[in-house]
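1. structure here, sequence nowhere to be found:
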């Protein structure tokens, strides 16, 4: 298991360096399996939070390599470090899944090296779990308060960023359209939202592990996780289907179904984030899971319809 992690980390460092070198020397990247690597590594998704994915990848694989080499030499035991490294490997897997979806469904091209890197992240995560599976639940129990703090803080920050996105969106609509610069700002904020969502998911997993029986039977916790899943699916649909055509949209009258779908997704997003944040403040809810889901669907439907009429009235002014 440790050998697989070390080999995966070394290979990952090489792949990140190889892609980065060819990209900035402006040479065609030799891509196995007759794939099309260049359109992928030069796409707008080759950066996250303004940082090249190759740099993020090299930093991740380098850290994993150094950590497990030290672990191999000294055989130290520290549940906080184990907790951190396992969380980091889980975040890397989630990021790899995100980038793979982008390749397959948004760019409709794939890079063999990028897919291999995703596989390496998965191997590191699985083998990290196998190494720490006997201690991971104990770590989750000992660090439960930290997980809850990260979970609550992430929900608050996420709600704040989504609110800023909605505010900027309405501000940008003063001229009834979204230009390239405005779309770039919204896309950058979207990266922050994905990072926050990843932290919510990871911290939520460890909260669940800290007391599986309690949280498995907690309507509030399970309802909140369903809402988070809804936010993720809604975000993917916005990024893959709607966001790329945002500049083309005509917001003069908001009569086109595409514009209505985009606005509806935005309303669903802010409503879901607000509800997830409120749930985090409550100890319990007086509903069954099915009742909570029905109320959620009714609430989202009412707010979405009201939101569309509100925006249309604003655009007429």
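-> Sure thing, it's come through. Quick caveat, the model's predicted, so the values are computed rather than measured.
2. any low-confidence regions in this protein?
-> 35, 173-176, 241-260, 311-317 (pLDDT under 70).
3. run through the residues that contact the residue positioned nearest the centre of it.
-> Geometric centre of the chain, nearest residue: residue 194, 3.3 Å, by C-alpha atoms, centre = their mean. Listed by C-beta atoms under 8 Å, 6 or more residues apart in numbering, the contact partners of residue 194 are 98, 235. Any C-beta I mention is one placed from the backbone N, CA and C, and that applies to glycine too.
4. gap between it and residue 40?
-> 18 Å (C-beta to C-beta, to the nearest Å).
5. please state the offset of the helix or strand where residue 99 lies from the chain centre?
-> Counting by DSSP states H and E, the element that carries residue 99 is helix 79-101. How far helix 79-101 lies from its chain's middle: 11 Å, per C-alpha atoms, centre = their mean, to the nearest Å.
6. equivalent analysis for stretch 216-233, please.
-> Remark: stretch 216-233 is offset 16 Å from the chain centroid, using C-alpha atoms, centre = their mean.
7. contacts for that stretch?
-> For stretch 216-233, the surrounding residues in contact (C-beta under 8 Å, 6+ apart) are 197, 200-201, 204, 207-208, 215, 268-269, 272-273, 275-276, 279-280, 282-285, 287-289, 292-293, 296.
8. and that stretch, what's buried?
-> For stretch 216-233, burial by neighbour count (16 or more other C-beta atoms under 10 Å) applies to 218-228, 230-232.
9. next: stretch 37-56.
-> For stretch 37-56, burial by neighbour count (16+ other C-beta under 10 Å) applies to 37, 38, 40, 41, 45, 46, 48, 52, 53, 54, 56.
10. span of that stretch from start to end?
-> Using C-alpha to C-alpha, to the nearest Å, one end of stretch 37-56 lies 18 Å from the other.
11. go on, stretch 30-49?
-> By C-alpha to C-alpha, the extent of stretch 30-49 from end to end equals 27 Å.
12. quick one: distance of that stretch to the chain centre.
-> Distance of stretch 30-49 from the chain centroid (C-alpha atoms, centre = their mean) equals 20 Å.
13. kindly report the same for stretch 280-287.
-> With C-alpha atoms, centre = their mean, you get 25 Å for stretch 280-287.
14. got it, and stretch 78-97?
-> Chain-centre distance of stretch 78-97: 14 Å, with C-alpha atoms, centre = their mean.
15. got it, and stretch 197-215?
-> 16 Å.
16. check stretch 98-117 too.
-> Put simply, stretch 98-117 sits 15 Å off its chain's centre (C-alpha atoms, centre = their mean).
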